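> Fold the following.
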Amino acid sequence: MKRLFSMRRALTDPQLFGAMLEGDTWAGWKALLIASQGEELRPAEREVLLSLTGREHEPSEPVDELWMIVGRRGGKTRAGAVFASYFAALCDWSDVLAPGERGTVPIMSASVAQARKALSYLSGIFDPRTGSPILRKLRTGETADTVSLSTRIDIEVRPANWRTIRGGTAVAAVGDEVAFWRSDFTTNPDTEILNAVRPALATTGGPLLCMSSPYARKGEVFEAYRRHYGPEGDPTILVAKAASKVMNPSLSDRFIAKEYARDAAVARAEWGGEFRDGIESFISLDVVEECTATDVIERPPSSGIRYSAFVDPSGGGADAMTLAIAHQEGERVVLDAVREEHPGTSPDAVVRQFCGLLKAYGIKSVTGDRYAGEWPRERFRAAEITYVVSERSKSEIYRDFLPILNSRNAVLLDMPQLRKQLLSLERRTTRGTGRDIIDHPTMKGAHDDLINAAAGAMLMTKQSKSTYNLAAF
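Numbering: from 1, shown residues only. Sure, this is the predicted structure:
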């Protein structure tokens, strides 16, 4: 690989990226990007490096990996777009690409919306009319997720997925909001995705940039910080950590103060750049896989079996209304059927549908929580189904369900959404009381309605079976 311009020249030249990271508010980003390429820093930049990375001196050569742990609105996505564009447009990769081969720079984002944001920055850099005077001449095409350049490099923007990132030749790679990558199939999608992308960089020696707001003290982001932040870290891996205001001084002090007043624990992570304490995974992937019946998505009702059911009524908003039915076989608790109805369907119609399913399994009563008030009891009663309020909270349901899972005495249905919600559950220690709670992550789009109903039904089965056996004696 041959660099056509140094990183410092690229970031400061108005004909290149000068307009993208313009002004003193981008000083921290510029210092880190320049240092990551083994270029000499100025004394003031070296002070910035020390404050962000704990290292007194810049690397002596380009690093393999740059990790940026920065609070929200700190400029991560724009800086990532510049990083990707530098390696796609201002470096010559002809020595590592076969004749006719095109290299890629994948920008992997936590969500479709985040991916679109990254693409908008790329479009601005290479826009034929308003983009960089030099870089815009390199653009040969653009689709909904790719900017193609005459350098034989395609910058591809996509939601993070360990399956789709495999294959191809990457000359650099960018991971955006790595701590918030999610998957239907694993508790650690960050590990799976990064394990898939690193081999794609092996033949080119291209760099990996990972950026994220901090979250829990687990996962690849925290491990990179724990192992490589400071002077004792691997010299080929540079880790920086900063509050939002440090990397983006233009942020309003008043706004950030309000966020701390609203919820200090959340604000410390979102805006202060600090990892959250007391968050850990609820269950491992291995246990979930061992408890899942492959290719079984529902079991029909059978005579002679005593079924139990649990319903999680929708409390409004984006929550779904869910129902689960289960039975017991010896020591094992078997999940037979689940239903999920999203907002928009008439609640009365959903109750009638659920009651029809309950009657098909010979069930005359269903257990549910008290969150939705009196109306579930009234609606189920009208359909001749008794609604019993659960004595357990949601967190207690998960707590009591865990031993059944860990003993491999649970038999789950092979449903991606069910597995996703179960794997995403977290155990958190509440501040003040020190009490453990188990719930879905406190991030937008996270739900646990389906697994709550399933866990509740399987616990009710265990409970009713125990009661039944005791009564027989």
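> Does E259 touch A267 like I think?
Yes. Using Cβ atoms under 8 Å, E259 is in contact with A267, at 4.4 Å. In this view, the C-beta of every residue, glycine as well, is placed from N, C-alpha and C.
> what's the nearest residue to V221 if we skip its chain neighbours?
Spatial nearest neighbour of V221, excluding adjacent residues (Cβ to Cβ, 6 or more residues apart in numbering): A179 at 4.4 Å.
> Does Q328 belong to a helix, a strand or coil?
When classified by DSSP: H, G, I helix; E, B strand; the rest coil, Q328 comes out as strand.
> Is it bridged to anything, and to what?
Taking DSSP bridges as the rule, Q328 bridges to V333.
> The residue nearest to V221: what secondary structure?
Secondary structure of A179, per three-state DSSP, is helix.
> Tell me where the stretch 301-450 of the chain has helices.
Assigned by DSSP state H, counting those that start in this stretch, the helices in the stretch 301-450 of the chain fall at 347-360, 375-382, 394-406, 416-424, 449-472.
> Just give me the lowest mean pLDDT stretch among these.
Among these, helix 449-472 carries the lowest mean pLDDT, at a mean of 70.
> Any regions of the stretch 101-250 of the chain where pLDDT drops low?
Counting by pLDDT under 70, the stretch 101-250 of the chain has low-confidence residues at 161-167, 182-188.
> go again using 80 as the cut-off
Within the stretch 101-250 of the chain, the segments meeting pLDDT under 80 span 110-112, 159-168, 182-189, 216, 218.
> Which stretches in it count as strands?
Under the criterion DSSP state E, counting those that start in this stretch, the stretch 101-250 of the chain contains strands at 103-109, 139-142, 146-149, 153-159, 173-176, 208-212, 237-242.
> number of nearby residues for the nearest residue to A383 once chain neighbours are set aside?
Here the nearest residue to A383 in space, its sequence neighbours aside, is C355; by Cβ to Cβ, 6+ apart that works out to 3.9 Å. Neighbour count of C355, defined by other Cβ atoms under 10 Å: 20.
> distance of C355 from P300?
According to Cβ to Cβ, to the nearest Å, C355 stands 18 Å off from P300.
> Please apply the same query to V171.
Remark: distance between V171 and P300 (Cβ to Cβ) = 53 Å.
> and the residue nearest to A383, what is it in contact with?
Contacts for C355 (Cβ atoms under 8 Å, 6 or more residues apart in numbering) come out as 380, 383-385.
> Was I right to think I437 contacts R428?
Yes. Using Cβ under 8 Å, I437 is in contact with R428, at 5.6 Å.
> Next up, phi/psi of the residue nearest to P214 when sequence neighbours are not counted, please.
Nearest non-adjacent residue to P214, counting by Cβ to Cβ, 6+ apart: F275, 4.5 Å away. Dihedral pair for F275: phi -70, psi 150, per degrees, to the nearest 10.
> Which among the helices of the stretch 301-450 of the chain is found nearest to M7?
Nearest of those to M7, taken as Cβ to Cβ: helix 416-424 at 37.8 Å.
> and the chain, what are its domains?
For the chain, automatic domain parsing gives the domain ranges 2-277, 285-472.
> Give the bridge partners for V338, please.
Residues in a beta bridge with V338, per DSSP bridges, are A324.
> Looking at V171 and P300, which is more packed in?
Using other Cβ under 10 Å, the more surrounded residue of V171 and P300 is V171, with 28 against 8.
> so what's that one up against?
By Cβ under 8 Å, 6+ apart, the contact set of V171 is 1, 87-88, 91, 93, 96, 103-105, 153, 201, 204, 206.
> ok, now P128?
Counting by Cβ under 8 Å, 6+ apart, P128 touches 136, 139.
> separation between it and V82?
Look at P128 and V82: by Cβ to Cβ, they are 19 Å apart.
> cool, and E298?
For E298, the distance to V82 - Cβ to Cβ - is 50 Å.
> For those two, indicate the residue with more neighbours.
Neighbours per residue (other Cβ under 10 Å) separate E298 from V82, with V82 holding more: 24 against 13.
> was I right about the more buried one contacting I125?
Yes. Taking Cβ under 8 Å as the definition, V82 is a contact partner of I125 at 7.4 Å.
> Give the residues shared as contacts by these two.
Residues touching both V82 and I125 (Cβ under 8 Å, 6+ apart): 17, 20.
> Skipping its backbone neighbours, what lies nearest H342 in space?
Leaving aside its chain neighbours, H342 sits nearest to A320 (4.9 Å; criterion: Cβ to Cβ, 6+ apart).
> And the pLDDT for that neighbour?
Per-residue pLDDT puts A320 at 79.
> try G315
54.
> Need the three-state assignment for W29.
Look at W29: counting by three-state DSSP, its state is helix.
> can you map out the strands along the stretch 251-400 of the chain?
Counting by DSSP E, counting those that start in this stretch, the stretch 251-400 of the chain has strands at residues 279-281, 308-312, 321-329, 332-341, 365-368, 386-389.
> ranking those by burial, who's on top?
For the strands of the stretch 251-400 of the chain, the largest average neighbour count (mean count of other Cβ atoms under 10 Å) is found in strand 308-312, namely a mean of 28.
> quick one: strands adjacent to that strand?
Strand 308-312 has the following sheet partners, assigned by DSSP bridges: strand 321-329 (antiparallel), strand 365-368 (parallel).
> Quick one: residues in contact with that strand.
Taking contacts as Cβ under 8 Å, 6+ apart, the residues outside strand 308-312 that touch it are 321-327, 354, 358, 361, 363, 365-369, 376, 380, 387, 390, 449, 452-457, 459-461, 463-464.
> Tell me the buried residues in stretch 290-299?
291-292, 299 (16 or more other Cβ atoms under 10 Å).
> Return the member of the strands of the stretch 251-400 of the chain having the minimum mean pLDDT.
Mean pLDDT per stretch puts strand 279-281 lowest among these, at a mean of 68.
> wait, what's in contact with R129?
With contact set as Cβ under 8 Å, 6+ apart, R129 has these partners: R136.
> what do you get for D176?
D176 makes contact with 76-77, 80, 107-110, 114-115, 118, 211-212, according to Cβ under 8 Å, 6+ apart.
> re earlier: scan the contacts of C355 and report the most crowded one.
With neighbours defined as other Cβ under 10 Å, the most crowded of the contacts of C355 is F380; it has 23 neighbours.
> What separation do you get for that one and L119?
48 Å.
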